[in-house]
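> sequence and predicted structure below; questions after.
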Amino acid sequence: MARAGVYLETFGCQMNELDSELVAGRLRALGYEMTPNPEDASIVLYNTCSVRELAEQKVWSRLGELKSRKAKDPGLVVGVLGCMAERDGEALIRRMPVVDVMAGPGELDKLPELLDNAVRTNASLAREMPGGIRRADGNLDESALRSAGQVALQGNTSRRSSTLGAAQDDLELLDLSRAISPTDHNGSAYVRITRGCNKFCTYCVVPLTRGAEMHRPPEHILDECKRLADAGVIEVTLLGQTVNHYRFEHAAAESVNGVVQPQKGRAYKGGHDRDPFAGEDVTTFADLLHRIHEEVPAIQRLRFVTSYPRDFGNDVLQVIRDCPRICRYLHVPAQTGSDRMLQMMNRGYTVGQYMEFLDRARSYLDQPEIGRPLTVSGDIIVGFPTETNADFDATLKLLRDAKYKNCFIFKYSPRPGTVAYEKIEDDVPDKVKRERNNEALRVQAEISDEISRSLIGSTLGVFVEGPSKKAKKAAGLSHGQIRQAGQVELTIGGRAGTGEAADGGVATIKPDAEPVQLSGRTDGDHIVFFDTPAGETPASMTGRIVPMRITDADRLSLHGKPA
Ligand code: 5AD
Ligand code: SF4
């Protein structure tokens with residue numbers, strides 16, 4: 001018999017998306033059924049992000065919305081996963097007694113156990129409810145409900161001492177147990193190569209929530225890539241907070257129960273060339289990229305995010321240049337264009353060093369003449385404490401010099417527990433942050449627009465990801481369904497407005513309906529929109545790389561026609 005329906009919503013970064021996929025796979029294997037609609041679910045899980053306050057606020061409001069539902073349906077199980085669970089701990093439960101289960105990013109392997117526990121507790125709670133918790137007027141007794149809630153919480157708060165570090169082996173097992181099905185993807189997948197971060201940028205909560213940097217054994221990564229390729233995946237994005245610092249020392253490898261263990265990240269020892277201390281028994285990031293490219297040729301596109309601007313070796317640039325299936329795309333955040341701010345952020349490089357890196361990367365990789373330009377994207381924080389107009393002007397200059405395809409621009413958000421929060425007053429008024437944010441967005445828009453327009457008329461390979469958000473909305477899919485990857489996207493019909501998925505994922509085609517708009521990405525990560533060509537369906541197009549003539553462009557996307 002199928003177990004309770006689970007709704008799992010993901011906030012934040014790609015690392016969280018991968019964590020959610022792994023968790024969903026584990027739960028499915030245990031008989032839980034995943035559902036794209038929270039209303040149909042008896043277990044609602046949020047995989048959360050703490051990087052900025054705004055991301056947390058969204059989760060608080062979702063949890064708030066569940067309050068009244070849980071009052072009516074005490075059997076409902078609510079779980080908070082990811083960074084908020086790690087960071088807020090008991091405080092989160094105190095503020096939101098609706099929460100039954102919490103698991104930080106380092107404890108996700110324990111989630112099935114915790115859920116089982118909570119489901120059982122809540123079910124017996126629900127049976128007791130009518131007499132025990134309802135007041136004479138038939139309404140629920142809030143205080144009785146709260147104390148009942150506390151019962152369900154046992155086992156969550158008490159086990160928190162084991163977070164970070166100690167659970168690493170089990171986390172590797174979670175990655176290793178990844179369920180890969182030939183139908184449950186749209187041709188693209190994430191593969192984790194490192195987890196955690198040792199950089200301690202002063203504004204950032206990630207080292208506190210995801211713990212110390214750990215590097216996965218290369219054999220595990222290669223094996224995962226091969227299994228994905230066997231299941232039909234043709235695009236792989238390698239994930240790590242500072243992905244280019246990947247390094248595995250085989251001589252120091254340790255095994256537990258026959259499983260090679262991930263290794264702690266060590267200080268990078270090299271300069272711009274291959275780490276001179278890395279002998280044959282070390283797999284560097286360049287070695288790893290090369291091995292995946294050579295040993296898993298079915299992966300037609302290999303990407304990686306996010307790169308740290310310091311210690312990006314020429315050996316990596318050479319491998320990208322020489323391997324045709326590695327994308328010429330770098331996401332390499334500068335964060336600010338002011339040396340003073342960089343120092344206060346503890347970023348460990350100067351603007352000069354950052355620009356030197358970009359120049360070096362472009363000298364190796366930017367080859368528009370052979371149809372292989374390098375595209376670069378970035379992240380910027382505006383309004384870091386003490387940021388002056390002059391500092392901000394330096395950031396605008398960096399945007400103009402760096403020529404990002406796109407840049408994520410964030411207003412500084414003070415995060416409790418970080419050095420900046422504890423030691424530096426958040427003295428830039430929100431109004432100023434907003435103005436700087438808008439100005440930086442405006443400058444970047446001009447640059448993005450120019451880069452996009454330069455591509456009009458060219459023919460680029462586009463990896464088709466599936467119906468565009470617009471098409472999914474038109475087909476009447478709910479917010480939850482739109483957010484779900486894979487299956488749902490594949491089962492949308494051939495034309496907009498039909499909504500219903502029929503046999504084999506091909507819906508009835510209304511003769512008067514408009515073609516479904518699809519979206520995809522170029523090698524350089526430009527988003528391309530185009531209509532499903534005649535004789536094809538979204539399902540038949542999804543997961544393929546299709547040559548596309550670029551007909552139009554705006555700052556965020558390109559429009560094309562199959563060539
Ligand atoms: N405030 C604003 N932006 C932040 N980022 C990380 N921490 C903060 C913060 N406290 C941004 C950085 C990082 C991206 C993932 O989020 O730009 O690269
Ligand atoms: Fe955060 Fe800095 Fe690590 Fe990136 S490198 S995750 S910004 S601490």
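Structure's in. What do you need? Ligands and ions are numbered 1, 2, ... in the order given.
> from now on I want contacts and neighbour counts done on CA atoms only, so please keep to that.
Noted.
> where does the stretch 151-300 of the chain dip in pLDDT?
151-169, 268-271, 275-278 (pLDDT under 70).
> quick one, phi/psi of Ser42?
Per-residue torsions, Ser42: phi -100, psi 0 (degrees, to the nearest 10).
> my bad, should have said Asp273
Per degrees, to the nearest 10, the backbone of Asp273 is at phi -100, psi 180.
> now for it: which residues touch it?
Gly313, Asn314, Asp315 (C-alpha atoms under 8 Å, 6 or more residues apart in numbering).
> which of these has the largest number of neighbours?
Gly313 (22 neighbours; other C-alpha atoms under 10 Å).
> would you mind measuring from the closest residue to Arg178 other than its chain neighbours to ligand 1?
Take Arg178 and drop its neighbours on the chain: the residue closest to it by C-alpha to C-alpha, 6 or more residues apart in numbering is Leu22, 5.8 Å away. Going from Leu22 to ligand 1 by C-alpha to the nearest ligand atom, to the nearest Å gives 21 Å.
> now do Leu22, the pLDDT please.
We have a pLDDT of 94 for Leu22.
> which element is it on?
According to DSSP states H and E, Leu22 maps onto helix 14-29.
> again with Leu66
Per DSSP H and E: helix 53-72 holds Leu66.
> do the same with Val99
Going by DSSP H and E, Val99 is not in any helix or strand.
> for it, give me phi and psi.
Main-chain dihedrals, Val99, degrees, to the nearest 10: phi -80, psi 130.
> isn't it up against Ile93?
Yes. The pair Val99 / Ile93 is scored as a contact, 6.0 Å apart, by C-alpha atoms under 8 Å.
> who has more neighbours out of the two?
Val99 (25 against 21).
> distance of the more buried one from ligand 1?
25 Å.
> ok, Phe357 next?
17 Å.
> quick one, what contacts the residue nearest to that residue when sequence neighbours are not counted?
For Phe357, ignoring the flanking residues on the chain, the nearest one in space by C-alpha to C-alpha, 6+ apart is Pro309 at 7.0 Å. Counting by C-alpha under 8 Å, 6+ apart, Pro309 makes contact with Val332, Pro333, Ala334, Tyr349, Tyr354, Phe357.
> who wins for most neighbours among those?
The most crowded member of the contacts of Pro309, judged by other C-alpha under 10 Å, is Ala334 (26 neighbours).
> which residues touch that one?
Pro309, Tyr354, Gly378, Asp379, Ile380.
> quick one, phi/psi of it?
According to degrees, to the nearest 10, Ala334 has phi -90, psi -30.
> do stretch 39-54 and ligand 1 come into contact?
Yes. Judged by C-alpha under 6 Å from any ligand atom, stretch 39-54 and ligand 1 are in contact via Val51, Arg52.
> which residues in the stretch 1-150 of the chain form helices?
Using DSSP state H, counting those that start in this stretch, the helices of the stretch 1-150 of the chain run over 14-29, 53-72, 83-95, 111-132, 142-153.
> okay, the first one in CSV with CA atoms only?
This file holds the C-alpha atoms of helix 14-29, laid out as CSV (Å, rounded to 0.1, in the frame of the first residue of the first chain):
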residue,chain,number,x,y,z
GLN,A,14,21.0,24.3,-6.6
MET,A,15,22.6,22.4,-3.7
ASN,A,16,19.2,22.4,-2.1
GLU,A,17,17.5,21.2,-5.3
LEU,A,18,19.9,18.3,-5.4
ASP,A,19,19.3,17.6,-1.7
SER,A,20,15.5,17.6,-2.3
GLU,A,21,15.9,15.2,-5.2
LEU,A,22,17.9,12.8,-3.0
VAL,A,23,15.4,13.0,-0.2
ALA,A,24,12.5,12.4,-2.6
GLY,A,25,14.3,9.4,-4.1
ARG,A,26,14.8,7.9,-0.6
LEU,A,27,11.2,8.5,0.4
ARG,A,28,9.9,7.0,-2.8
ALA,A,29,12.0,3.9,-2.3
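> now it: buried residues?
14-28 (16 or more other C-alpha atoms under 10 Å).
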